[in-house]
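Enquirer: give me a model of this one.
(chains A and B)
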Amino acid sequence: MNKIVYLDNNATTRVAPEVFIEMKPFLSDFYGNPSSIHTFGGGCRKFINKAREQVAELLAAEPEEIIFTGSGSESDNTAIMGALELAGPEKRHVIITQVEHEAVLEVGHYLKRKSYRVTELLVDRKGALNLDLLADSITEDTAVVSVMWANNETGVVYPIEQIAEIVKSKGVYFHTDAVQAVGKIPVDLSRVPVDFLALSGHKFHAPKGVGVLFVRNGIKMPPYIRGGHQENGIRAGTENVAGIVGLGKAAELARERMSADADHEKTLRDKLEKGILATCKDSRVNGANRLPNTLNVSFEFVEGESILLMLDDLGICASSGSACTSGSLEPSHVLRAMGVPHSMAHGSIRFSLSRYTTEEEIDYVLEHMPKVIDRLREISPFTHQIA
Amino acid sequence: MWNYTDKVMEHFRNPKNVGYIKDADGVGEVGSTACGDALRLMFKLDDQSRIADARFQTFGCGSAIATSSALTEMIKGKTLEEAEKITNQDIVSFLGGLPEQKMHCSVMGREALEAAIENYRNGTTGKRKLEGHVVCVCFGVTEDKIRSAIRDNGLTTVEQVTNYTKAGGGCGGCIPEIEEILAEMNGKKSSEEKPAKPQPKKLTTLEKIRLIEKVIQEDIRPELKKHGGDLELVDIDGNNVIVKLLGSCTECGITRFTLNTLIEPKLRQKVSSELAVMEG
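Expert: You can find the predicted model right below:
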């Protein structure tokens, strides 16, 4: 494989070598079923329990509040549907935001079709929410409010502590999709009164296929996969032992390294950002108050997929909010919600860094980015309108 | 990730005939930044009335650039009569295929060529005007364009129509109409009768103003916001509603269509059929 500069860490991350080492025995010699009576199988149980403690520690939660799932999307779906069941059939109102990940947004659309009233809160040009509006939107029949901790496309971080307090003061269930936040910024559930939280392992150097649903102690979460006692009877199915062990280790690493990683990523991200804005005319950053690792930048007059294809030829991996990259015809719902003009949304590129990103890689991108943009602008009809 | 053919990637990486012809004989422009792709096609004829030079400028994805490049190569050396016969499928074949969702790029190429030839023959503006009935407001797609895409490519489903023309790919509000066109062209009759319209009751001026504000807030603004646009109610004078378009609506090439096909019909439908909307 040629040189790869991987700047798409909000899509997925490299499995940390320390994580891989911990997982390996459970993919080879220790293949037992944790539910077995014999020591060979049942002995694996304690490794699952350890992982549960590691995750709980990262979140400042209790181990029994951690349910292992198959993905962040599963956790998001389950939290919202579970909250509706708990709230009872007469509560027909759900509040989400316009910038949620599809794992929440599509649940909202589904609920609308099922005759729920779904409020999608607006964001401003910087991607921020109006908390007064949020408070005013909560009514007698509101069952659950779901607001993401950090946005996957722009990296905008939401004030979840304040939001959770507003929602809880009205006695309504609160869920947060923290898939992009956990492992990148502090998530302290001993202080932030969320009822449910979703996270995903592969966003912070654990493998794909394992996630967590946090359910606050005292909430009697109804089972959603029946047929076994696993995960407290809430999610039946033989555990993904290797994945869970990997997630536990990744959580431990994230906790130990969080501030060093964040500093590292922010330094490089800021360098990338300044460099691009300085060398590429008519470019601008989308979103304010962001995760330390995310840069979403729009380039006028050029289209995102073309940029990505050219970057791909250089071994640079990024992503775009342009319509063409997804096969849909409309650009990113997040950028549109922020009022980014269509022309700029089509030309948006997201770079997302990790602890493994090097300065050399950032320099490489900075060297090539203006060339790519210039080349595409030479082709574009909008850069040289008839004089 | 798209499965682009080697030929598409070759024309994307090294596009042929990028540029501008100052004294072009024909210029055709289609698309806009708002729509996600746009193409300006230019040609110059020699004394034999053959296309001596063809150039393009394209804003768009990999396949939009590749189809533009391919098209200019295909029309060089041809008379306009010959060039006219090139279909979007010919462009697709030249490139060894395009992903289904990218077929609209080939249709855009074909349209730009038509516009450029029209520009040469009639001296009319090379900008493709939206004439006739607009079915898809989001992307400004006319009924004629949908019908010719269905005819030229033997389309049978709404999804295909969206892939080839973009119509129906935005808010989806026009999908029933596309279904009707498909049903009619494919020989089936729409069996559903349209329900009778309810009779609106006479409103007081105050009720009318309130209702207009409500419809703008609940029905119109969310549609415009999807496109990064917005509007402001300036005044209401009798049955004349004066609005100001804001945000990306102001830069959008289909502003008038937004007024005529979204704002006015919505207000007429929900408030009074006598309303007229104008920009202030």
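Enquirer: in the stretch 1-150 of chain A, what residue comes closest to chain B?
Expert: residue A:122 (8.0 Å; C-beta to the nearest C-beta). The C-beta positions use only the backbone N, C-alpha and C, and glycine is treated the same way.
Enquirer: quick check: closest non-adjacent residue to the residue in the stretch 101-250 of chain B positioned nearest to chain A.
Expert: Scanning the stretch 101-250 of chain B for the residue nearest chain A gives residue B:169, at 3.4 Å (criterion: C-beta to the nearest C-beta). Nearest-residue entry for residue B:169: residue A:329, 3.4 Å, with adjacent residues in sequence omitted and distances by C-beta to C-beta, 6 or more residues apart in numbering or on different chains.
Enquirer: surely the one you found and residue B:141 touch.
Expert: No. Contact status for residue A:329 versus residue B:141: not in contact, 10.8 Å apart, counting by C-beta atoms under 8 Å.
Enquirer: quickly list what's touching both of these two.
Expert: Shared contacts of residue A:329 and residue B:141 (C-beta atoms under 8 Å, 6 or more residues apart in numbering or on different chains): residue B:166.
Enquirer: tell me the secondary structure for residue B:183?
Expert: Of the three states, residue B:183 takes helix according to DSSP: H, G, I helix; E, B strand; the rest coil.
Enquirer: just the endpoints, please. Distance across stretch B:55-66?
Expert: End-to-end distance for stretch B:55-66, by C-alpha to C-alpha, to the nearest Å: 13 Å.
Enquirer: wait, does that stretch contact chain A?
Expert: Yes. With C-beta under 8 Å from any C-beta of the partner chain as the criterion, chain A is reached by stretch B:55-66 at B:57, B:58, B:59, B:60, B:61, B:62, B:64, B:65.
Enquirer: what is the burial count for residue 223?
Expert: Chain wasn't specified; assuming chain A. The burial count assigned to residue A:223 is 14, neighbours taken as other C-beta atoms under 10 Å in any protein chain shown.
Enquirer: not what I meant, chain B
Expert: As a burial measure, residue B:223 scores 18 neighbours (other C-beta under 10 Å).
Enquirer: and it, what does it touch?
Expert: Counting by C-beta under 8 Å, 6+ apart, residue B:223 touches B:171, B:262.
Enquirer: I'd say residue A:85 and residue A:223 touch.
Expert: No. The pair residue A:85 and residue A:223 does not pass the contact test of C-beta under 8 Å, sitting 10.3 Å apart.
Enquirer: in chain B, which helix or strand is least confident?
Expert: Least confident element among the helices and strands of chain B, by mean pLDDT, DSSP states H and E: helix B:255-257 (a mean of 55).
Enquirer: for the next helix-or-strand element following that one, packing partners?
Expert: Note on helix B:255-257: by DSSP states H and E, the next helix or strand toward the C-terminus is helix B:264-270. Taking 3 or more C-beta pairs under 8 Å, 6 or more residues apart in numbering or on different chains; DSSP states H and E as the contact definition, the neighbouring helices and strands of helix B:264-270 are helix B:205-215, strand B:276-279.
Enquirer: element containing residue B:53?
Expert: strand B:51-59.
Enquirer: helices or strands next to the helix or strand following that strand in the packing?
Expert: With elements assigned by DSSP H and E, the helix or strand that comes after strand B:51-59 is helix B:62-75. With contacts defined as 3+ C-beta pairs under 8 Å, 6+ apart, helix B:62-75 has these neighbours: helix A:304-313, helix B:6-13, strand B:37-45, strand B:51-59, helix B:88-94, helix B:103-122.
Enquirer: in JSON lines: the ones you listed, plus mean pLDDT, distance to residue A:28 and mean neighbour count.
Expert: JSON lines is the format used below for the helices and strands packed on helix B:62-75 (pLDDT from 0 to 100; distance: least, C-beta to C-beta, whole Å; neighbours: other C-beta atoms under 10 Å in any protein chain shown):
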{"stretch": "helix A:304-313", "mean pLDDT": "95", "distance to residue A:28": "35", "mean neighbour count": "23"}
{"stretch": "helix B:6-13", "mean pLDDT": "96", "distance to residue A:28": "41", "mean neighbour count": "18"}
{"stretch": "strand B:37-45", "mean pLDDT": "94", "distance to residue A:28": "51", "mean neighbour count": "25"}
{"stretch": "strand B:51-59", "mean pLDDT": "96", "distance to residue A:28": "52", "mean neighbour count": "23"}
{"stretch": "helix B:88-94", "mean pLDDT": "94", "distance to residue A:28": "49", "mean neighbour count": "19"}
{"stretch": "helix B:103-122", "mean pLDDT": "92", "distance to residue A:28": "48", "mean neighbour count": "24"}
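Enquirer: so which of the ones you listed gets nearest residue A:356?
Expert: Nearest to residue A:356 among the helices and strands packed on helix B:62-75 is helix A:304-313 (18.3 Å), distances taken as C-beta to C-beta.
Enquirer: right, and residue A:12 touches residue A:206 too?
Expert: No. Between residue A:12 and residue A:206 no contact is recorded; they are 10.3 Å apart, counting by C-beta under 8 Å.
Enquirer: more neighbours, those two?
Expert: When residue A:12 and residue A:206 are compared for neighbours, residue A:206 comes out ahead with 33 against 16, by other C-beta under 10 Å.
Enquirer: the more buried one and residue A:79, how far apart?
Expert: With distances defined as C-beta to C-beta, to the nearest Å, the gap from residue A:206 to residue A:79 amounts to 20 Å.
Enquirer: looks to me like residue B:246 is in a helix.
Expert: No. Read with three-state DSSP, residue B:246 is strand and lies in no helix.
Enquirer: returning to that earlier point: just send the helices and strands packed on helix B:62-75 back as JSON lines, with distance to residue A:75 too.
Expert: Listed next are these as JSON lines, based on distance: least, C-beta to C-beta, whole Å:
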{"stretch": "helix A:304-313", "distance to residue A:75": "29"}
{"stretch": "helix B:6-13", "distance to residue A:75": "39"}
{"stretch": "strand B:37-45", "distance to residue A:75": "37"}
{"stretch": "strand B:51-59", "distance to residue A:75": "39"}
{"stretch": "helix B:88-94", "distance to residue A:75": "43"}
{"stretch": "helix B:103-122", "distance to residue A:75": "37"}
